[in-house]
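J.: sequence and predicted structure are below.
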Amino acid sequence: MSAIDWTILFAALAAFVVYGVWRGRGERNLTDFLLAGRAMRWPTVAISVMATQASAVTFLSTPGQGFADGLRFVQFYFGLPLAMIVVCLTAVPIFHRLGVFTAYEYLERRFDGRTRSLAAALFLIQRGLAAGITIYAPALVLSVILGWDVRWTCVLLGGLAVVYTTSGGSKAVSHTHVLQFLIIMATMVIAFVLVLASLPAGVSPVDAAFVAARSGKLNALQLRFDPNDRYNLWSGLVGGFFLQLSYFGTDQSQVGRYLTGSSVAQSRLGLVFNGLVKVPMQLAILSLGVAVFVFYQFAAPPLFFNPTESARLAAGPDGAAWHALEARQATVVAARETHVRALLAARHAHDAPGAASAGAAIAVDRDSLAAIRGRTAALIRARDPGANTSDTNYIFLTFVRRYLPVGLIGLVFAAIFAASMNSTSAELNALTSTTVVDVVRRITGPAADPHRDVTISRIATVAWTAFAVGFAEYASRLGSLIEAVNILGSLFYGTILGIFLVAFWLPRVRGPAVFAAALVAEATVIACFKLTAISFLWYNLIGCGAVVILALAIEGLLGAQAPARDATGPT
């Protein structure tokens, strides 16, 4: 990168931290530190909710997902608007009325302390690991660009987020989210426009869409039901609905965002806005990846998008084989460009036979390139059996470095780092809330001095940052990061959601029954992950359904007839 790009990047990072510390000053007690004094208006709630969900994983891996697999990943979010409606009708009014700090406080009032501890523990495990992934994604970018050790770049990124999160708590997180998210969105729009502008002369956006469609990349809707297919209409509507319902209804990283709202109405408006905007936003980011794919129909892509791995192999003992694969790829890519131009010429001339002939040739080229990528992956594994042969996370980064103008490169990287700080700060705040409220205060009781709770919260924030940074080193082995973070969540979200649905809707089920049901359900989900090919989106339905059905069955066996204590249902 140029000196201008580095200046823009580091100036932006410094501005984010300073702004967060400035906006977060003045915490007097735990409500101020964990929930921003419950004083936020709906626009801030809405952007904070969206920023928490849209991590650097979204802006690094989603364009790569669009490049490799087209638009079908957007189906993952089809259940989100429905989930927002249910959360607004159930969780939001209950949590506001009870004045809880965390979602898990409600479970002790409804069931018992053991059930509350189980749900909180599942959240802490899942979210602590997920925080490591959201730190690793931008750390990966910086390590590739600078050649730094990824472990130290993880420390750098975790340190940036922890400064203002520890200093200003939830208020700093919410206000910084607004600034960072607006910069991120503006940068993605500019990048999309420049990708289209980089297409060869005579290739219009309509031509680009035509090429993408003929390549199977505009596959945003898959109607066929297949439980082993990760992304189709049914997995998105059903499995995605349960995943999003659990995420927004029971995950403290999101519950803590909308509990900062000044009223039930303000929290609801923020969630509804997210439900309306999230699917179009994800579709746009995937479309950015598809646009990069079309660009590379007219330009030679790298043999492997991870530049560090490519340089190592090219300079090593397998360098001759590597360069032979590069030469073979260059020949096929040149032929493909000729065939793509022939396809567009046939389209413009309304020449159906010519379009069919060019399309068949492009299909042969695609198969040849897939075979070359397969041999490339085999070459990488031969050198290092444990190497990661997925380069999805590097695709957008590589395009940015090679083709975007000076100045914008630094802005794109700043946007990616801002996204990491967005989600990481919210996760740290949520982990801190759950640790202090659901663990420390249950053991020691509320502090007579409110400053003690704030001090403990700051210590917990630093401790969770250290844990997340430690796990980040492992994240490189997880393949596509956007998939990894959602798979990780799906291992726990269904069980947690089942506990809350029983609490909301089955007032006669008591703590012992739901506790036992949750343990069995979680074991079932882990077994599905280890032993079957079922798509991870269905884990949410399996875990949730297992908790509800087993809790009813166990309660029936126990012969319980009396209502559970403090059964507070939706209003």
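T.: That came through, no problem. Numbering: from 1, shown residues only.

J.: distance across stretch 69-84, terminal residue to terminal residue?
T.: End-to-end distance for stretch 69-84, by C-alpha to C-alpha, to the nearest Å: 27 Å.

J.: buried residues in that stretch?
T.: Buried residues in stretch 69-84, counting neighbours by 16 or more other C-beta atoms under 10 Å, are found at 69-81, 83-84. To be clear about C-beta, it is placed using only N, CA and C from the backbone, and glycine gets the same treatment.

J.: centre of the chain to it, how far?
T.: 13 Å (C-alpha atoms, centre = their mean, to the nearest Å).

J.: burial count for W505?
T.: 13 (other C-beta atoms under 10 Å).

J.: from Q65, how far out is it?
T.: 35 Å (C-beta to C-beta, to the nearest Å).

J.: could you do Y77 as well?
T.: 13 Å.

J.: ok, L283 next?
T.: With distances taken as C-beta to C-beta, L283 is found 12 Å from Q65.

J.: ok, now D149?
T.: Using C-beta to C-beta, we find D149 at a distance of 27 Å from Q65.

J.: could you do T176 as well?
T.: T176 sits 27 Å away from Q65, going by C-beta to C-beta.

J.: go on, S117?
T.: Counting by C-beta to C-beta, the gap from S117 to Q65 is 37 Å.

J.: more neighbours, these two?
T.: Q65 (30 against 17).

J.: neighbours of S167, how many?
T.: S167: 17 surrounding residues under other C-beta under 10 Å.

J.: oh sorry, the question was meant for P317
T.: P317 has 8 neighbouring residues, counting by other C-beta under 10 Å.

J.: again with F101
T.: Counted with other C-beta under 10 Å, F101 comes out at 21.

J.: which helix runs longest in this structure?
T.: Secondary structure of the chain per DSSP state H: the longest helix is helix 150-197.

J.: where does the protein have low pLDDT?
T.: Within the chain, the stretches with pLDDT under 70 are 26-28, 141, 145-146, 386, 447-448, 474-483, 559-571.

J.: ranges for the strands of it?
T.: Remark: no strands are assigned in the chain by DSSP state E.

J.: straight-line length of stretch 498-517, end to end?
T.: Stretch 498-517 end-to-end distance (C-alpha to C-alpha) = 9 Å.

J.: list the buried residues of it.
T.: Across stretch 498-517, burial judged by 16+ other C-beta under 10 Å covers 498-504, 506-507, 509-517.

J.: same question for stretch 94-114.
T.: In stretch 94-114, counting by 16+ other C-beta under 10 Å, buried: 94-96, 100-108, 110-112.

J.: which one among those residues gets closest to V292?
T.: A103 (38.9 Å; C-beta to C-beta).

J.: the closest one: what's it in contact with?
T.: Applying C-beta atoms under 8 Å, 6 or more residues apart in numbering to A103 gives the contacts A91, F95, A119, G249, T250, D251, Q252, V255, F500.

J.: report the buried members of those residues.
T.: For the contacts of A103, buried by 16+ other C-beta under 10 Å: A91, F95, A119, G249, T250, D251, Q252, V255, F500.

J.: would you turn the residues you listed into TSV with distance to V45?
T.: Below are the buried ones among the contacts of A103 laid out as TSV (distance: C-beta to C-beta, whole Å):
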residue	distance to V45
A91	14
F95	13
A119	24
G249	15
T250	18
D251	16
Q252	15
V255	12
F500	21
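
J.: from those residues, pick the one nearest M185.
T.: D251 (23.3 Å).

J.: which parts of the stretch 251-400 of the chain are helices?
T.: 252-258, 264-295, 307-315, 319-348, 352-383, 395-403 (DSSP state H, counting those that start in this stretch).

J.: and of the ones you listed, who's closest to V195?
T.: Judging these by C-beta to C-beta, what sits closest to V195 is helix 264-295, at 4.4 Å.

J.: how about that closest one: buried residues?
T.: 264, 266-275, 278-279, 281-295.

J.: report the angle between that helix and helix 395-403.
T.: On the basis of axes from the mean of the first three to the mean of the last three C-alpha atoms, to 10 degrees, helix 264-295 is oriented at 60 degrees to helix 395-403.

J.: run the chain-centre distance for helix 264-295.
T.: Relative to its chain's centre, helix 264-295 lies at 12 Å (C-alpha atoms, centre = their mean).

J.: and if you look at stretch 175-188?
T.: In terms of C-alpha atoms, centre = their mean, the gap separating the centre of stretch 175-188 from the centre of its chain is 16 Å.

J.: repeat for stretch 464-476
T.: 16 Å.

J.: for stretch 194-214, same thing?
T.: On C-alpha atoms, centre = their mean, the centre of stretch 194-214 falls 28 Å from the chain's centre.

J.: next, the buried residues of that stretch.
T.: For stretch 194-214, a neighbour-count test (16+ other C-beta under 10 Å) marks L194, V195, S198, L199, V203, D207, A208, A209, F210, V211, A212, R214 as buried.

J.: dump it to CSV, restricted to CA.
T.: The C-alpha coordinates for stretch 194-214 follow below in CSV (Å, rounded to 0.1, in the frame of the first residue of the first chain):
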residue,chain,number,x,y,z
LEU,A,194,-15.4,0.9,-8.9
VAL,A,195,-15.6,-2.8,-9.6
LEU,A,196,-18.2,-2.2,-12.3
ALA,A,197,-16.1,0.8,-13.6
SER,A,198,-13.1,-1.6,-13.9
LEU,A,199,-14.9,-3.9,-16.4
PRO,A,200,-13.6,-3.7,-20.0
ALA,A,201,-14.9,-1.0,-22.3
GLY,A,202,-18.1,-2.1,-23.9
VAL,A,203,-19.1,-4.4,-21.0
SER,A,204,-22.1,-2.8,-19.3
PRO,A,205,-23.6,-3.7,-15.9
VAL,A,206,-26.4,-5.5,-17.8
ASP,A,207,-23.7,-7.5,-19.7
ALA,A,208,-22.1,-8.3,-16.3
ALA,A,209,-25.4,-9.5,-14.9
PHE,A,210,-25.9,-11.7,-18.0
VAL,A,211,-22.4,-13.3,-17.6
ALA,A,212,-23.0,-13.9,-13.9
ALA,A,213,-26.4,-15.5,-14.6
ARG,A,214,-25.0,-17.8,-17.3
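
J.: quick one: contacts of that stretch?
T.: Contacts for stretch 194-214 (C-beta under 8 Å, 6+ apart): 70, 218, 288, 290-295, 297-298, 340, 343-344, 347, 359, 362, 399, 403-405, 408.

J.: ok, and the closest non-adjacent residue to K171?
T.: Distances taken as C-beta to C-beta, 6 or more residues apart in numbering place A36 nearest to K171, at 4.0 Å, with adjacent residues excluded.

J.: can you check I285 too?
T.: I285's closest residue in space is T62 (C-beta to C-beta, 6+ apart), at 4.6 Å.

J.: can you pull the contacts of the one you found?
T.: Going by C-beta under 8 Å, 6+ apart, T62 touches F73, Q282, I285, L286, G289, I482.

J.: how about 7 Å then?
T.: For T62, the contact set (C-beta atoms under 7 Å, 6 or more residues apart in numbering) comprises Q282, I285, L286, G289, I482.

J.: list the contacts of the first one.
T.: By C-beta under 7 Å, 6+ apart, the contact list for Q282 reads T62, V74, Y77.

J.: and if you look at the second one?
T.: Applying C-beta under 7 Å, 6+ apart, one finds that I285 lies in contact with T58, F59, T62, P63, M188.

J.: for F123, see how far away it is.
T.: Separation of I285 from F123 (C-beta to C-beta): 27 Å.

J.: run a quick neighbour tally on A551.
T.: Residues lying near A551 (other C-beta under 10 Å) number 28.

J.: pretty sure it sits against A513.
T.: Yes: with contact defined as C-beta atoms under 7 Å, A551 and A513 form a contacting pair (4.9 Å).

J.: what's stretch 175-192 in contact with?
T.: The contact list for stretch 175-192 (C-beta under 7 Å, 6+ apart) reads 16, 19-20, 23, 44, 47-48, 50-51, 59, 164, 285, 288, 291, 404, 408, 411-412, 415, 418-419, 421-422, 425.
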